[in-house]
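K.L.:
missing the sequence, but the structure's below:
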């Protein structure tokens, strides 16, 4: 069926009610038959007469401007990968008779979005594969293309290469000769010479760099194809492909080399009395006073091992648990210590809400309660930066210690003749011949970059306290001197400038923080007709004030009050846009509904960037059964 522009307009107007329109600018001309439309992603228009094929689709706003460049019909949309900003407007396509082709290995993300979200792992998650930016609504697919296959249209042959890195399942780089030049549509493999749109998408799994290596290999394959132009999903048209790729590969390798950690043997399984009053067991340090009272710094110790510790070390009373951070391998033993031994739980203010209501967050390694919809343990004392307390004749000072994660605390004390800093997971025992440094940099943990932040802030604290022992959760006591402390500090100083080389943003934190825009709470239970109160939080990492426009995108029959908010966020601050989401009372909600919000920040349309999960409260038992099966398959014990 051939629809002229006038025939399209009524259908288009209705379809675009489902999506957020792109910018009002017209497509930019690259060559006679090749254009780019700047939207939630770059949408490329390849013409053949008055027909066109689109490479990616963004919000769908491009359809309103095609007549301006002489296009009366779009035959296909060819997607490079499944990220939401590439395809959020695809709802409009089926009604317009436009076919959709996608990477064959990613087809399931398009065709069964609801199924993928139903099985999304939220707790005990150590897989950083960028699943959370996938479509929230299923999209009709007409053809799946396997890398290496050829796609033909309008007299053009699109050769395809695997595009891996920013996605784990292979996407597509599409190469074709257009107007006498060999062009490569590269998706998010590259943004500009030496730059990527995000770095966090390269982190597929905890502490590992397979995504970065895969990205390098995909870029090298594009380079070997010798294109004349690189056309990225975000970024600029590049007419120097060889140089642009070489710079990008070099910058990725710099990051990998800086982050690659070389730990000595993990000693976290030992029941070891490392000093007269300090025991190390798994990830916990237990300080035992002469009168048998004990303080736990972290606890993931199973109950039988706690009982053994009590017997072996003459423990008569466990007074408190003080947490280094919220990760499941540091908090799993809290219920036993609170309920059986009467211990109080103390935590730094940065992590209290995560401990008590973990379901409100989409961050890795969560796991406190028996089920992910349950509240976690109550924090008995909230600690603040610089707090000091006395216990059993020792003086302890606590401080925000945001190395491995922003939600992390350190503690200083002089015990058994040593100046100890309890560092949680913000360091490790280095192998001989390697430097003392931060443990790991996993972006989803929220590792901030900059002066006084993240690992650099930890380095500054170490310099201030000058400890002679680093108490590392997985590695025990590590002797320190000024040289070792300076190694840590100098390593941390390199983080921000190294990431700044490769991240194409005003501040590299935008490329290392996947939750710089997020819903709070992230997950709620509700039923038809109820109102859900939520907030879209935006971290403005830039050094200038920025405006943001936020609009929730909801299922038919749901309402948002207000429909849209405009907020101003100061430099280096977090802003919030609050909404009341009214669920339709005329139809039951599905087992799981995922809503999004379109975000325009500092003049850039990021599309449906954040998402929020609304689960059917009446089906809570089904979720719990599924969770237990998932936990059992992963060999996780979610029970107390």
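P.N.:
Good, I have the coordinates. Remember, predicted model here, so these are calculated numbers, not experimental data. Residues are numbered from 1 along each chain as shown.

K.L.:
show me what contacts residue 381?
P.N.:
Residues in contact with residue 381, defined by C-beta atoms under 8 Å, 6 or more residues apart in numbering, are 320, 344, 345, 346, 347. Every C-beta, even on glycine, is put in place using the N, C-alpha and C of the backbone.

K.L.:
Kindly apply the preceding question to residue 567 instead.
P.N.:
For residue 567, the contacting residues are 538, 547, 548, 550, 575, 576, 577, by C-beta under 8 Å, 6+ apart.

K.L.:
let's go with 10 Å and repeat that
P.N.:
Contacts for residue 567 were tallied using C-beta atoms under 10 Å, 6 or more residues apart in numbering; they are 536, 538, 546, 547, 548, 549, 550, 575, 576, 577, 578, 601.

K.L.:
on that earlier part again, which one (most neighbours) among the contacts of residue 381?
P.N.:
Across the contacts of residue 381, the neighbour count under other C-beta atoms under 10 Å reaches its highest value at residue 347, namely 28 neighbours.

K.L.:
how far out from the middle of the chain is the host helix or strand of it?
P.N.:
With elements taken from DSSP states H and E, the one containing residue 347 is strand 344-348. Distance, stretch centre to chain centre, for strand 344-348: 27 Å (C-alpha atoms, centre = their mean, to the nearest Å).

K.L.:
again, but for stretch 153-167
P.N.:
Averaged over its C-alpha atoms, stretch 153-167 has a centre that lies 27 Å from its chain's centre (C-alpha atoms, centre = their mean).

K.L.:
Now the residue most central in space within the chain. Nearest residue, chain neighbours left out?
P.N.:
When the chain is reduced to its mean C-alpha position, the nearest residue by C-alpha atoms, centre = their mean turns out to be residue 514, at 3.6 Å. Counting by C-beta to C-beta, 6 or more residues apart in numbering, residue 514 lies nearest to residue 200, which is 4.6 Å off, once chain neighbours are set aside.

K.L.:
Quick check: residue 194 vs residue 247, distance?
P.N.:
According to C-beta to C-beta, to the nearest Å, residue 194 and residue 247 sit 4 Å apart.

K.L.:
Name the residues contacting each of the two.
P.N.:
With C-beta under 10 Å, 6+ apart applied, the overlap between the contact sets of residue 194 and residue 247 consists of 501, 502.

K.L.:
was I right about the residue nearest to residue 514 contacting residue 511?
P.N.:
Yes: with contacts counted by C-beta atoms under 10 Å, residue 200 reaches residue 511, the gap being 6.8 Å.

K.L.:
Which residue of the two possesses the greater neighbour count?
P.N.:
With other C-beta under 10 Å as the criterion, residue 200 and residue 511 differ in neighbour count, and residue 511 comes out ahead with 26 against 22.

K.L.:
State the helix or strand in which the more buried one lies.
P.N.:
Of the helices and strands defined by DSSP H and E, residue 511 is found in helix 509-512.

K.L.:
Residue 586 too?
P.N.:
Here residue 586 sits in a region with no helix or strand, counting by DSSP H and E.

K.L.:
burial of it, as a residue count?
P.N.:
For residue 586, the number of neighbouring residues by other C-beta under 10 Å comes to 8.

K.L.:
mean confidence for the longest strand seen in the chain?
P.N.:
Using DSSP state E, we find that the single longest strand of the chain is strand 604-616. For strand 604-616, the mean per-residue pLDDT is 96.

K.L.:
For it, which strands pair with it and how are they oriented?
P.N.:
strand 523-526 (parallel), strand 592-601 (antiparallel) (DSSP bridges).

K.L.:
Please compute how far the next helix or strand after the shortest one lies from its chain's middle.
P.N.:
By that I understand strand 523-526. Moving toward the C-terminus from strand 523-526, the next helix or strand (DSSP H and E) is strand 531-539. Here the centre of strand 531-539 is set off from its chain's centre by 18 Å, with C-alpha atoms, centre = their mean.

K.L.:
Going by neighbour count, which residues of strand 531-539 are buried?
P.N.:
Across strand 531-539, burial judged by 16 or more other C-beta atoms under 10 Å covers 532, 534, 535, 536, 537, 538, 539.

K.L.:
cool, stretch 44-58 as well?
P.N.:
Judged by neighbour count (16+ other C-beta under 10 Å), stretch 44-58 contains these buried residues: 44, 45, 46, 47, 51, 52, 53, 54, 55, 56, 57, 58.

K.L.:
again with stretch 561-581
P.N.:
For stretch 561-581, a neighbour-count test (16+ other C-beta under 10 Å) marks 565, 567, 569, 572, 575, 577, 579, 581 as buried.

K.L.:
Inside strands: which ones of the residues you listed?
P.N.:
For the buried residues of stretch 561-581, the ones inside strands are 565, 567, 569, 575, 577, 579, 581, with DSSP E as the criterion.

K.L.:
ok, so of those residues, who is nearest residue 296?
P.N.:
residue 575 (37.3 Å; C-beta to C-beta).

K.L.:
wait, is residue 65 part of a strand?
P.N.:
No: Residue 65 sits outside any strand when classified using DSSP: H, G, I helix; E, B strand; the rest coil, being helix.

K.L.:
That one: neighbour count?
P.N.:
Residue neighbour count, defined by other C-beta under 10 Å, stands at 19 for residue 65.

K.L.:
I am assuming it contacts residue 37, so please confirm or correct that.
P.N.:
Yes: using C-beta under 10 Å, residue 65 and residue 37 qualify as a contacting pair, with a distance of 6.6 Å.

K.L.:
can you give me the strands for the stretch 401-550 of the chain?
P.N.:
Under the criterion DSSP state E, counting those that start in this stretch, strands of the stretch 401-550 of the chain are mapped to 409-415, 418-424, 469-472, 476-479, 517-520, 523-526, 531-539, 546-553.
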